[in-house]
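>>> Got a predicted model here, sequence first, then my questions.
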Amino acid sequence: EVQLVESGGGVVRVGESLTLSCVITGFTYDDYVIAWFRRVPGKEREAVSAMWRLNHRATYADSVKGRFTISMDNAKNTVYLQMNSLSPEDTAVYYCAVGSGPWHEDDFDYWGQGTQVIVSS
């Protein structure tokens, strides 16, 4: 059974940083894309960042470019999202997902349960 478990969400102030983690278990393929999405109530879920597992090539949404960094520890099957200079607009539930990717949510087959990030002003 494939499981993705996110952690690291919380409440922070504007300008502060937060690192999310996602542990992947039960996924036997080596060539896949792992991505972070977020959803704000009343809005569609949007892709934030994605990384190819084999070469660690990363891509970012324009709204987070230069502030967020995705990384992966292949040995631990864990992907991270380092979020700096957070703003209230980053408040959302963040999800990690695994699939062929690289960007549209329909191209991801497995999802975590989500972790809430709240940025207070």
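Cool, the structure landed.

>>> show me what contacts the residue nearest to the spatial centre of the chain?
Closest residue to the average C-alpha location of the chain: W36 at 2.3 Å, with CA atoms, centre = their mean. Going by CB atoms under 8 Å, 6 or more residues apart in numbering, W36 touches 20, 22, 47-50, 70, 79, 81, 94-97. The C-beta positions use only the backbone N, C-alpha and C, and glycine is treated the same way.

>>> mind running it again at 7 Å?
48-49, 70, 81, 94, 96 (CB atoms under 7 Å, 6 or more residues apart in numbering).

>>> Next, give me the two most distant ones among the residues you listed.
Across the contacts of W36, the longest distance by CB to CB is 11.7 Å; it joins I70 and Y94.

>>> What strands flank the helix or strand harbouring L20, and is each parallel or antiparallel?
Under the criterion of DSSP states H and E, L20 resides in strand 18-25. The strands beside strand 18-25 in its sheet (DSSP bridges) come out as strand 3-7 (antiparallel), strand 78-83 (antiparallel).

>>> Give the buried residues for it.
Of the residues in strand 18-25, 18, 20-24 count as buried by neighbour count, 16 or more other CB atoms under 10 Å.

>>> Same check on stretch 45-57?
Of the residues in stretch 45-57, those buried (16+ other CB under 10 Å) are 45, 47-53.

>>> Give me the residues contacting that stretch.
30-39, 58-61, 64, 68, 70, 72, 74, 79, 81, 101-103, 105.

>>> Just the buried subset of the residues you listed, please.
Buried subset of these (neighbour count, 16+ other CB under 10 Å): 32-38, 59-61, 64, 68, 70, 72, 79, 81, 101-103, 105.

>>> So which of those residues sit within helices?
Using DSSP state H, the subset of the buried ones among the contacts of stretch 45-57 located in helices is empty.
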